[in-house]
Every structure is written in C-alpha cells, then in structure tokens.
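[1] quick one, structure for this:
(one chain, ligands or ions: 2)
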Amino acid sequence: MERKIYLKKMVLDRALELYLSRLKEAGFFEPKTQKVKVGEAIDRVLARAIFALRSVPHYNSAAVDGIAVRSSDTVQASKHAPKRLNREQFMIVNTGQPMPEGFDAVIMIEDVHFLEDGSVEIFEPVPTFHNVRTIGEDAVEYDMLFCRYHRLTPQDLALLLAAGVFEVEVLKNLECAVVPTGDEIVDPSSELKEGFIPETNSVLVKTFLEKLGVAVRVLDPVGDDPEKLASTLQGLLPAYDLVLFIGGSSAGRKDFVYRALEKLGEIVAHGLSIRPGKPTVLAIVEKKPVIGLPGFPASCFTVLERVVKPVVEAWYHQSDSAEDFLIAECATRIFSSAGDDEFVRVALAKVKDRYVCIPLKRGAATISSLTKMDGVLVVPRGQEVIDEGEKVEVRLLATKKRIDNTLLFVGSNDPLIDRLSDLLIERGVRLSVVNVGSLGGVKAIAKSHAHLAGIHLFDSESETYNLPFLKKMLNGFVLVKFAKRLQGLVVQKGNPKSIRTLQDLVRKDVRFVNRQKASGTRILLDYYLSKLGIEPRQINGYENEELTHMSVALKVKRGLADAGLAVAYVAQLMDLDFVPLCWEEYDLLILPEFLNDERFQTIFDVMTSSDFRNVVFQCSGYDISDLGKIVEEDESK
Ligand SMILES: Nc1nc2c(c(=O)[nH]1)N[C@H]1C(S)=C(S)[C@@H](COP(=O)(O)OP(=O)(O)OC[C@H]3O[C@@H](n4cnc5c(N)ncnc54)[C@H](O)[C@@H]3O)O[C@H]1N2
Ligand code: MOO
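    Ligands and ions are numbered 1, 2, ... in the order given. Have a look, this model is predicted:
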C-alpha cells in the first residue's frame, strides 16, 4: 500500500527566510504610510527621518534661580576675598527666564550674599554660560532627530513637540484578520457538549499581535468547508494586510485550510520541522501573507512567536527585538524526536548561584504550560536527548528579576501549597510549583535542582513516612513538618454503591481509578492491598492511571469511575462522598543551604501565620498540629 505523504516539513530558519524573501519580492514590505498627530504617535514607527523645525531651547535661559552676571566681572572672586557687584552688575533671574541682554552667566541664589545697600557679594569666579541653557542646547533647528523606522517612545514625543514637530509620517499599522476554523469550535461561554472545543486561540492571537502594534479583527469561526474558507479569504484580502487561519492546517480529512490556500495562491511551506507547530501553512495570496496556524494552543503560540512575529517585525522594519537568554542546568532528562527542533517550555529559578530549569507539560494542547513558563529551550533537530544536569541555553519570557525572585517548589503537589503561594506573593516571594512526584522531589533536592519539595513517601516496613526514604537517599537533610492529610476513597455523592472498605474494590460492579506508579498515593494503595491479600488484577480499573488527586476525583464526579484513592479535600471541593482510610504525612524537604535564606524565613512566617491557618481550617482532612517543626539530620553526625 502506498504510504500517504502527510506534509513536507521544512526547517524553520529556511522556511522563514524563504517566506520573508518571497513576501519582499511581492512588494509586501514596501512602506505604506500615514500622517498622525504627535500626541497620538506613541509606539508608531517613523516612515522617514525627522528634523527639528526649531531649536530647543529657542533662547538662552537661566538654568537656576539666582543672579545673572557677566562672567568677566567675577574673575577675582574668592572665599577669602569676596567680589562685590553693584546693582548694574547683576540682575535677579528665575529658572527658565530669558537671560537679560548683556549677561552671560548665572550664580545660584544660595551662593550670593545680599548686602543692605543693594549690592551683592560673590565667592567664586564663573565661566561664560555657567548655569545658562544656551539656544539649541538640546537640538538645533535642522538637526536630524530620528532616523526612519525609529519606534517612538514617550520621551521622543516630548522632544518632537519641543522641536516644533506636531505631525509625523509613520508606517501604517499592520491590519490583520484572524479566522478560527473547525466545526467543533464554539464560543467559550456557551454550554460545552462533548466533542466541542471552546474557542480560546483567537484571544491569544489577537492580544499577542496587538502588543506588537497590529490592529486585529477576529471573525466568527468558520466550519470545515473548503468553499466557505476560500470565500472568506477572498472577502478579507482587499481590506487586510495579513490573514491568519487557526486550525485545520494539517493534512487530515477535515483540514481544509491548506487546500483553500493552495487553490488561491502560492504555498511557500506546508509543515515545519518544529515541535510544537509542525502543521503550519505559509502562503502568499494576492501578494499578502496568509498563514495557517495549528489549532493546538502551544503549537499556535510557538508559530506566533517564531513565524508571525518576524513577519510583523519585517513590516515595521524592526529587526532587533530583544531576546534575552540565560544558561541553566536542566533538572530532568528530556527526550525529543531527532527530526524536529523542539521548543520546550520551562520553569526557571536561581538555586545555589546557578539557574535551573524544569520542563513543564510538553503536550501541544496545554495552555497551562504557556501560562506557567518562564522561558523556552530548544532541543535542536539531530539531538534526541538533553541529560539531567546538562547546561542549556534558555530564551527568557520572564524578567531576570522575577526569575531571581522565584523559589522552585517540586515534588508532589498539594492544594494547600497553591494557597500558600498565593499568600507569599503578598510578601514578595514567588513560588513556582512543578509536579514531579515525591521521589522526583527528593532527587531534585539531592541535586540542588529546587529550593523545596513536597513529599509523602510511605515506608511499608516501618509504616512511617518520609524519614526512612530520606535517610537512604540523602546525606543529611532538612525536613519541615507540614500537614497530615486524610487519605481515603472518593466515591459518588450519597455513596450509591455502598463502598465502605478497600475490599469493596474487588466487587464486579465497582470501577476504580488509580494514581500513576511511584506516586505516594499509589504506594500507599499497593501497601494496603498486599496487606489485605488483594491482587491488583482483581480490581476493575486498577490500570486506569491519573496524575493528580483532582483528576481522580473528577473521574468519579463525571461517573467514569466509582471510587479512587485521594485526599479528603478534593472530595469536599467536588462535593463527593469520602470513606477515610488513613492519615498520611505530607512534609517539606528543604535544600539545606536554603534554611538560612531570608526567603525561607518568609515562607516559614507565612506558613505559621493566622492567615494560612484560616485557609487550612476551611479545607477538610488536614491536621497541621506539627506544622513548622524542623527535623534536621546532619551528615557529619
Ligand atoms: N495523522 C496525524 N495527525 C496529526 C498530526 C500528524 O502528524 N499526523 N499532527 C498533529 C499536530 S502536531 C498538530 S499541532 C495538530 C494540529 O492540526 P491542525 O492545525 O489541523 O488543527 P486542528 O486539527 O484543527 O486542531 C487541533 C486541536 O486544536 C483545537 N483548536 C482548533 N482551533 C482552536 C481554537 N481557535 N481555539 C481552541 N482550540 C482550537 C481543535 O479543536 C483540536 O482539538 O494536528 C495533529 N494531528
Ligand atoms: O506540531 Mo504539533 O504542534 O507538535 O503538536
């Protein structure tokens, strides 16, 4: 059977270079201009050089409050032999006043001794133009103030007005139409039925472009109908400089964007060797760029940043947009496909005088990874792995100051940690919370890849939490007691299946939802099952794994399972019933050096504050009677 060619992938740099050069040949970047009033020209790009129409200042003026003098009259003045000037030899002036005829310097009022007969004494000689703003000091009439393609700042506008320029010729703002596509795309505020997707990309695209100075109109979604897509585009092209389609860009049965563009214009590239963002279409129709953005949000964002932004910058003749990078140590191993450049979204923080990055969720459909990221690293094509501990270059999307102010919290997450981070912001500390599981958290602290980790590791031998693992895995540690959490079975409201114990899980009519291997909750379940002599295969749904307490509860809430093991709090949140099983200890493992950091003190203060206690008291299934106790083991002992 013949293999279907999906799309022909092109390397990003090559595709972009080709696209920009084809657009240039088509005359797309020829400046189109308009005149605007200076007061309305903020962030606009000048179409041509601007010259001063008058000098700034336009007369010689006093730069201070004091007396105008002739510098030649002050020559012999000194502290020991003050020079006396009579009424004809000086005039009182205020800052900004024109210099009186015949005078060429100003002495500050504080340095003048006024005598009763109306004369003054001065104590220092002053040179010509001392404390005088001379005509044209800022700008001289005919001076060139700005080159073409300069983007105007607030201070530029002030200088233009001072120099008598009230109107400027600027590049016309790029006007862009955004067309979401897909039969499944619906208004985010409408009732969501299964199979329908809320239309969330256009707000991302619109506001991203508006920040670059583009005027954007978003159309109502167009269904998967090739005729409709083509006619929509034909209707838009006369009025817009750039048209972006969202979704339908790959080569699936219902992906019609490519086919519509192919019919109407030239396809420069279909498929880029990047991830996310592969099924991008770069086309030129009627000498204008028309781009098919992939439908997944992270893919869409990547193409916005790496393709659409350069096109916009070329329109505005701006090629030097700042991109900051820093070198960071990668906290986990990353596997990637060798054929593509993969853009990996990461959280960043400074731990022990070097930067550390932790990859966030990699799925192209995750919007949350876009909101959490501090930067992006690239695993270049040809490379399949970045090792744990490897130094990588990360492009920054957060400021360095914010990153320096960030504490990395890893391990297993608990909803209380999110609430803690919310209170910490008030004290100027930002927690970046990345879920890597309890064991992952211990490993991260061992390698100094995070400041703190939340852990709940049950040791079945001693039937105690955390300490046996830490003693085995670390040479010395600092553990701060956090909360005991009530673990148990989350079941449907009213417990219709009368699930009372773990033994009920083997019943034929009970569907279970499990947690992922190596998670603290899974270890706990397996311990109880073996104690009760229950085999995993006896449980219907044992192999169905979810990554968080919340997602387990959600499965139960939606009726996709009858029971799952999770903390009591999620049952409260989702209004489900709860069958208590045991209390577990969720503690904070701290990087030893961090104990003396003032930000740890802040965390400690907030954690033990009445504000935080009030939060905890509203959440069921927590016991914080030991909160804040520090268990320290020093390797040297
Ligand atoms: N057989 C293959 N299928 C797919 C491949 C592949 O290599 N072989 N590549 C996948 C990749 S990678 C991507 S990315 C997606 C993107 O494809 P499309 O650009 O054609 O996008 P859609 O299929 O229309 O949508 C994908 C996804 O995104 C949702 N979407 C679309 N528009 C919006 C919007 N405006 N707001 C929010 N969400 C949107 C859409 O409903 C889909 O769920 O293709 C893979 N397939
Ligand atoms: O290109 Mo897709 O965007 O990898 O998910």
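
[2] hang on, residue 545 packs against residue 515?
    Yes. If you go by Cβ atoms under 8 Å, residue 545 and residue 515 touch, sitting 6.5 Å apart. Using the backbone N, CA and C atoms, a C-beta is placed for each residue, glycine as well.

[3] tell me which of those two has more neighbours.
    residue 515 (24 against 15; other Cβ atoms under 10 Å).

[4] ok now do that one, which residues does it touch?
    Taking Cβ atoms under 8 Å, 6 or more residues apart in numbering, we find residue 515 in contact with 521-522, 525, 545-547, 552, 564-566.

[5] so which of those is the most crowded?
    Of the contacts of residue 515, with other Cβ under 10 Å as the count, residue 564 tops at 30 neighbours.

[6] which residues of the chain lie near ligand 1?
    6, 180, 182, 184-185, 197, 199-202, 246-250, 252, 255, 276, 278-279, 294-296, 299, 364 (Cβ under 6 Å from any ligand atom).

[7] now narrow the residues you listed to whatever sits close to ligand 2.
    Among those, ligand 2 is touched by 276, 278-279, 294, 296, 299, 364 when using Cβ under 6 Å from any ligand atom.

[8] cross the residues you listed against helices and list the overlap.
    Mapping those onto helices (DSSP state H) picks out residue 299.

[9] residue 402: which of the ones next to ligand 2 among the residues of the chain next to ligand 1 is nearest?
    Nearest to residue 402 among those, counting by Cβ to Cβ, is residue 276 at 24.5 Å.

[10] the stretch 201-350 of the chain: strands as residue ranges?
    For the stretch 201-350 of the chain, the strands defined by DSSP state E, counting those that start in this stretch cover 215-218, 242-246, 266-270, 274-275, 281-285, 288-293, 325-330, 334-335, 341-351.

[11] tell me which strands the longest one pairs with, and in which orientation.
    Looking back up the chat, that one is strand 341-351. In its sheet, strand 341-351 lies beside strand 274-275 (parallel), strand 354-359 (antiparallel), strand 375-379 (antiparallel), with partners assigned from DSSP bridges.

[12] what is the closest residue in space to residue 150 that isn't next to it in sequence paired to in the beta sheet?
    Excluding its sequence neighbours, the residue lying closest to residue 150 (Cβ to Cβ, 6 or more residues apart in numbering) is residue 46, at 5.0 Å. Assessed by DSSP bridges, residue 46 has beta-bridge partners residue 170.

[13] what residues does residue 46 make contact with?
    By Cβ under 8 Å, 6+ apart, the neighbours of residue 46 are 146-152, 168-171.

[14] that one and ligand 2, how far apart?
    37 Å (Cβ to the nearest ligand atom, to the nearest Å).

[15] then residue 197?
    For residue 197 relative to ligand 2 (Cβ to the nearest ligand atom), the value is 15 Å.

[16] list phi and psi for that residue.
    Main-chain torsions, residue 197, degrees, to the nearest 10: phi -120, psi 130.

[17] over to the residue nearest to it when sequence neighbours are not counted: give its phi and psi.
    Distance criterion Cβ to Cβ, 6+ apart; nearest residue to residue 197, sequence neighbours excluded, is residue 184 at 5.1 Å. The phi/psi pair for residue 184 (degrees, to the nearest 10) reads phi -90, psi -10.

[18] residues contacting residue 184?
    Here residue 184 is in contact with 195-197 (Cβ under 8 Å, 6+ apart).

[19] show me how to select, in PyMOL, the buried members of the residues you listed.
    Only the buried entries of these go into this PyMOL selection, using 16 or more other Cβ atoms under 10 Å:
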select buried, resi 197
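
[20] what's the closest of the contacts of residue 184 to ligand 1?
    Nearest to ligand 1 among the contacts of residue 184, counting by Cβ to the nearest ligand atom, is residue 197 at 3.7 Å.

[21] that closest one: what's it in contact with?
    So residue 197 contacts 182, 184-186 (Cβ under 8 Å, 6+ apart).

[22] can you give me the pLDDT of it?
    If you check residue 197, the pLDDT there is 93.

[23] how far away is it from residue 296?
    With distances taken as Cβ to Cβ, to the nearest Å, residue 197 is found 10 Å from residue 296.

[24] do the same with residue 200
    With Cβ to Cβ as the criterion, residue 200 and residue 296 are 11 Å apart.

[25] neighbour count winner among these two?
    Taking other Cβ under 10 Å, residue 200 and residue 296 do not tie; residue 296 has more neighbours (20 against 14).

[26] which of the contacts of residue 46 count as buried?
    Neighbour-count burial (16+ other Cβ under 10 Å) is assigned, among the contacts of residue 46, to 146, 149-152, 168-171.

[27] in the stretch 201-350 of the chain, what residue is nearest ligand 1?
    residue 295 (2.4 Å).

[28] surely that residue and residue 202 touch.
    No. Under the criterion of Cβ under 8 Å, residue 295 makes no contact with residue 202, lying 11.3 Å away.

[29] joint contacts of the two?
    Joint contacts of residue 295 and residue 202 (Cβ under 8 Å, 6+ apart) are residue 246.

[30] now do the helix or strand where residue 490 lies, average pLDDT.
    Element membership for residue 490, per DSSP states H and E: strand 477-491. Summarised as a single mean, pLDDT over strand 477-491 is 97.

[31] list the helices and strands it packs on?
    Strand 477-491 is packed against helix 467-473, helix 549-557, strand 563-567, helix 568-573, strand 577-590, strand 622-623, strand 630-633, with contacts defined by 3 or more Cβ pairs under 8 Å, 6 or more residues apart in numbering; DSSP states H and E.

[32] OK, contacts around residue 257?
    By Cβ under 8 Å, 6+ apart, the contact list for residue 257 reads 181, 229, 245, 247-249, 281, 292.

[33] show the backbone phi and psi for the residue nearest to residue 183 when sequence neighbours are not counted.
    If the residues on either side of it in the chain are set aside, residue 183 comes closest to residue 223, at 4.6 Å by Cβ to Cβ, 6+ apart. The phi/psi pair for residue 223 (degrees, to the nearest 10) reads phi -70, psi 180.

[34] sheet-wise, list the partners of the helix or strand bottoming out on mean pLDDT in the chain with their directions.
    When each helix and strand of the chain is scored by mean pLDDT, DSSP states H and E, strand 630-633 comes last, with a mean of 89. Strand pairing for strand 630-633, using DSSP bridges, gives strand 477-491 (antiparallel).

[35] and the angle from the strand it pairs with to strand 577-590?
    170 degrees (axes from the mean of the first three to the mean of the last three Cα atoms, to 10 degrees).

[36] centre of the chain to strand 477-491, how far?
    Once both centres are worked out by Cα atoms, centre = their mean, to the nearest Å, strand 477-491 turns out to sit 31 Å from its chain's centre.

[37] for stretch 231-240, same thing?
    From the chain centre to the centre of stretch 231-240 is a distance of 33 Å (Cα atoms, centre = their mean).
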